[in-house]
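J.: Sequence below, structure please.
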Amino acid sequence: MDIKEEVLAILQDLTGEDLAGKMDEDIFANGLMDSMASVQMLLNLQEKFAIDVPVSEFDRNEWNTPSKIVAKVESLKNE
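T.: So this is what the prediction gives:
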């Protein structure tokens, strides 16, 4: 699996929805994710991709769509 597929799998586990066709949908505005789910998402992403995303530095506007999440993970993996 590539990063996009892995991120979508994590999001599907958390939201119960396949977001592959909704890559630019705001998952917070539509109620699919809340603050507790975002913490769980960060923990899952850190474990899966060996990246560091401190919750204190989490900006919801940078992580509010599947596309943005994939891009953030890719950029953190390349640091």
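J.: contacts and neighbour counts: CA atoms only from here.
T.: Noted.
J.: where along the chain do the helices fall?
T.: In the chain, the helices defined using DSSP state H lie at 3-15, 35-49, 66-77.
J.: Show me the one of these that comes nearest Glu25.
T.: Evaluated over the helices of the chain, closeness to Glu25 peaks at helix 66-77, with 7.3 Å, by CA to CA.
J.: buried sites along the closest one?
T.: Under the neighbour-count criterion of 16 or more other CA atoms under 10 Å, helix 66-77 has Pro66, Ser67, Lys68, Ile69, Val70, Ala71, Val73 buried.
J.: and if you look at stretch 43-56?
T.: Leu43, Asn44, Leu45, Ile51.
J.: Tell me the span between the first and last residue of that stretch.
T.: 13 Å (CA to CA, to the nearest Å).
J.: Skipping its backbone neighbours, what lies nearest Glu25 in space?
T.: Thr65 (5.4 Å; CA to CA, 6 or more residues apart in numbering).
J.: Val55 now?
T.: Nearest to Val55 is Val39, by CA to CA, 6+ apart, at 7.0 Å.
J.: now the buried residues of stretch 43-56 in JSON lines, with pLDDT?
T.: Shown next, in JSON lines, are the buried residues of stretch 43-56 (pLDDT from 0 to 100):
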{"residue": "Leu43", "pLDDT": "95"}
{"residue": "Asn44", "pLDDT": "97"}
{"residue": "Leu45", "pLDDT": "96"}
{"residue": "Ile51", "pLDDT": "94"}
